[in-house]
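J.: Requesting a structural model of the entry that follows:
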Amino acid sequence: MNSFQALIFNVFILIVFGSWLALGAYDKAATAMQLDVLIPPISGLFLLLLSPWIAKQKNRSLLLAAIVTIGLLFYFYKPFIYSTGEPKIRVLIQIVTCIWSLFFLVKNLITNKLKKTASTETKLPL
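T.: This is a model prediction of the structure:
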């Protein structure tokens with residue numbers, strides 16, 4: 001599996017489960033929805049916009065996707081700690097897919113960096 005496939009799966013989970021969480025939050029507070037519950041679906045859409053460059057293994061897009069994913073992991077701390085029952089399971093699934101996607105993003109970043117340094121080395125003739 002490469003980072004593009006892991007990222008697309010993560011984007012799907014973020015958009016579907018994040019929207020589900022946002023709709024659940026809207027039902028509980030019938031007056032207004034807090035905007036912080038929209039962070040996972042919006043981040044998923046942002047990562048979806050980055051996906052063409054990630055498919056081409058561009059280092060900057062891989063790094064930007066990794067930073068967004070790390071930010072999401074920090075965001076998921078509060079909902080995971082303070083929720084119970086089914087919402088906690090949804091947040092846990094999002095956390096697991098973010099960690100899985102982050103693993104492949106960092107792995108591809110490292111391998112791209114090693115390929116770049118290996119290709120720039122020149123051999124001196126004897």
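
J.: okay, CA-based contacts and neighbour counts for the rest of this
T.: OK.

J.: how about the helix or strand Phe103 falls within: buried residues?
T.: According to DSSP states H and E, Phe103 maps onto helix 86-120. Neighbour counts over helix 86-120 (16 or more other Cα atoms under 10 Å) mark 87, 90-95, 97-102, 104-106, 108-109 as buried.

J.: Distance-wise, check Pro87 relative to Lys113.
T.: Distance of Pro87 to Lys113, given as Cα to Cα, to the nearest Å: 39 Å.

J.: scratch that, Arg60
T.: For Arg60 relative to Lys113 (Cα to Cα), the value is 11 Å.

J.: cool, and Leu48?
T.: From Leu48 over to Lys113 (counting by Cα to Cα), the distance is 23 Å.

J.: circling back: tell me the helices and strands packed up against the helix holding Phe103.
T.: helix 3-28, helix 59-75, helix 77-82 (3 or more Cα pairs under 8 Å, 6 or more residues apart in numbering; DSSP states H and E).

J.: quick one: average pLDDT of the last one?
T.: The reference is to helix 77-82. In this model, helix 77-82 has a mean pLDDT of 84.

J.: picking up where we left off before, distance to Pro40 and mean neighbour count added to the helices and strands packed on helix 86-120, as JSON lines?
T.: Formatted as JSON lines, those follow (distance: least, Cα to Cα, whole Å; neighbours: other Cα atoms under 10 Å):
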{"stretch": "helix 3-28", "distance to Pro40": "5", "mean neighbour count": "19"}
{"stretch": "helix 59-75", "distance to Pro40": "7", "mean neighbour count": "18"}
{"stretch": "helix 77-82", "distance to Pro40": "12", "mean neighbour count": "12"}
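
J.: can you redo these as TSV with distance to Asp36?
T.: Listed next are the helices and strands packed on helix 86-120 as TSV, based on distance: least, Cα to Cα, whole Å:
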stretch	distance to Asp36
helix 3-28	9
helix 59-75	9
helix 77-82	11
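
J.: returning to what we had before: and the helix holding Phe103, how far from the chain's centre?
T.: 8 Å (Cα atoms, centre = their mean, to the nearest Å).
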